[in-house]
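Engineer: Sequence unavailable; structure follows:
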């Protein structure tokens, strides 16, 4: 497997506050990788720096995506290269319909003929979205909004999808449904990097994981090994 994403000695500063401290990460093409850790560990800052949502002035080190350095690029330029992020809290357009929300994800597409077939693929993956295609997104449940946010990213045909806290605020039964869809998307060939505070489900979903503590990578490895690691169990798995 070839790396599609590399962070090399990556730092992030909010002014004089050093929040991410020289981390190194790799995501190989076709993999699903998770970042776990407590609140304030630097997980979301790392993800948003990759996707261009953080001020590039705070970045030190390299972010290499698809063989090219992208640190400091704006979010729309990163998205145009095929890297999309599903934000924490979904952020759907509440006054647009489900279908209109999906179409906003296709704004960079130049092959309009294929967008409709891709939308049908998303509806097959998330049947509830098809049932509600003409419903305002703001009236959907939290789980349906998460499905919509994922679908909106997928319709852009990204090479790499970033997910920030996909289980946040969802009932356990809906979390299982959302993560089942994430697994299926990965099996279909999508490379995924996601941040998740539910460490148990994260490590049971991804191939490899990174454990972040106060801005540093404290541990990394295959998820099957992290699940049985005593330090990880004690700190994040309640055991």
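Structural biologist: Nice, I can see it. These figures come from a predicted structure and were not determined experimentally. Numbers count the residues shown, from 1 in each chain.
Engineer: in the chain, which spans are helices?
Structural biologist: 43-50, 75-80, 98-104, 112-125, 127-131, 142-154, 172-187, 199-203, 223-228, 230-236 (DSSP state H).
Engineer: Present the ones you listed as CSV; the columns should include mean pLDDT and distance to residue 24.
Structural biologist: All C-beta spots, glycine's among them, are computed from the backbone N, C-alpha and C. Below are the helices of the chain laid out as CSV (pLDDT from 0 to 100; distance: least, C-beta to C-beta, whole Å):
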stretch, mean pLDDT, distance to residue 24
helix 43-50, 97, 11
helix 75-80, 93, 20
helix 98-104, 95, 35
helix 112-125, 90, 34
helix 127-131, 95, 38
helix 142-154, 94, 26
helix 172-187, 94, 23
helix 199-203, 96, 20
helix 223-228, 97, 17
helix 230-236, 94, 19
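Engineer: contacting residues around the nearest residue to residue 126 once chain neighbours are set aside?
Structural biologist: Spatial nearest neighbour of residue 126, chain neighbours left out: residue 147 (4.4 Å); criterion: C-beta to C-beta, 6 or more residues apart in numbering. Contact analysis of residue 147 by C-beta atoms under 8 Å, 6 or more residues apart in numbering lists 126, 128-129, 178, 181.
Engineer: Distance-wise, check residue 147 relative to residue 94.
Structural biologist: 15 Å (C-beta to C-beta, to the nearest Å).
Engineer: ditto for residue 183
Structural biologist: 28 Å.
Engineer: And residue 31, by the same measure?
Structural biologist: On the measure of C-beta to C-beta, residue 31 and residue 94 end up 33 Å apart.
Engineer: picking up where we left off before, so can I have a markdown table of the helices of the chain showing distance to residue 62?
Structural biologist: A markdown table is the format used below for these (distance: least, C-beta to C-beta, whole Å):
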| stretch | distance to residue 62 |
| --- | --- |
| helix 43-50 | 11 |
| helix 75-80 | 14 |
| helix 98-104 | 31 |
| helix 112-125 | 32 |
| helix 127-131 | 37 |
| helix 142-154 | 24 |
| helix 172-187 | 26 |
| helix 199-203 | 26 |
| helix 223-228 | 26 |
| helix 230-236 | 28 |
